[in-house]
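In: could you look at this predicted model? Sequence included:
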Amino acid sequence: MTDIQHNKQTVVEFYELAFNAKQPEEAVEKYLGPQYIQHNPQAPDGAEGFIGFVTWFAGEFPELSIEIKRVVGEGDIVVTHGLIKTSAEDPGQVAADFFRLENGKIVEHWDVLQPFPETSANDHPMF
C-alpha cells in the first residue's frame, strides 16, 4: 500500500470512527498525530478540542452521520467529499474536508461546507 493509499484509509477510518461510530476518543488515539491544528472556526485546536467538539455535536444531533462520497489524496493531503446529516430528515451539508498527515497520522484539518441545495440551475447532482 502506498503512503497516499494509507493516508486515504486513515482519514476515512478516522471520520467513520469519530462521527458515525461516535467514538472520538478512540479515533484520536488511533489516527491523530502529536499535534492537531484545526482551521474550522467552530472547533478548537488539539485532540481534546476535537473530542469535545464531536462529543457536543453528536450530543446535539444523536442521528448525526457522515457519508463520504469520494476521497482524493496527493502528497501529504487527503480530501473527502461527503454529506453530513444531523437526522434522516435533514437534507444535510455538503462538505469538503482537507486533512494533512505526517508519518501516517492526521495533524491538520480544514473544511468547506454548504447546505445541500433544494434546487439547482443545472441537472448535475452534488455527488
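Out: Perfect, thanks for sending it. These figures come from a predicted structure and were not determined experimentally.

In: relative to Thr55, how far out is Tyr36?
Out: 15 Å (CB to CB, to the nearest Å). Just so you know, the C-beta spots here come from the backbone N, C-alpha and C atoms, and that holds for glycine as well.

In: okay, the two: which has more neighbours?
Out: The neighbour count for Tyr36 versus Thr55, taken as other CB atoms under 10 Å, is higher for Tyr36 (21 against 14).

In: which residues touch Ile77?
Out: Phe98, Phe99, Arg100, Leu101 (CB atoms under 8 Å, 6 or more residues apart in numbering).

In: any low-confidence regions in the chain?
Out: Low-confidence segments of the chain (pLDDT under 70): none present.

In: how about the strands of it, start to end?
Out: 32-38, 65-74, 77-85, 93-102, 105-115 (DSSP state E).

In: list the buried ones in the helix ranked longest in the chain?
Out: The residue-count maximum for a helix in the chain (DSSP state H) belongs to helix 46-60. For helix 46-60, a neighbour-count test (16 or more other CB atoms under 10 Å) marks Ala47, Phe50, Ile51, Phe53, Val54, Phe57, Ala58 as buried.

In: Asp3: which of the contacts of Ile77 is nearest?
Out: Leu101 (8.5 Å; CB to CB).

In: what's the nearest residue to the closest one if we skip its chain neighbours?
Out: Asn7 (4.8 Å; CB to CB, 6 or more residues apart in numbering).

In: from Gly33, how far out is the closest residue to Gln42 other than its chain neighbours?
Out: Computed as CB to CB, 6+ apart, the closest residue to Gln42 that is not its neighbour in sequence is Phe53, at 7.2 Å. Phe53 is 17 Å from Gly33, where distance means CB to CB.
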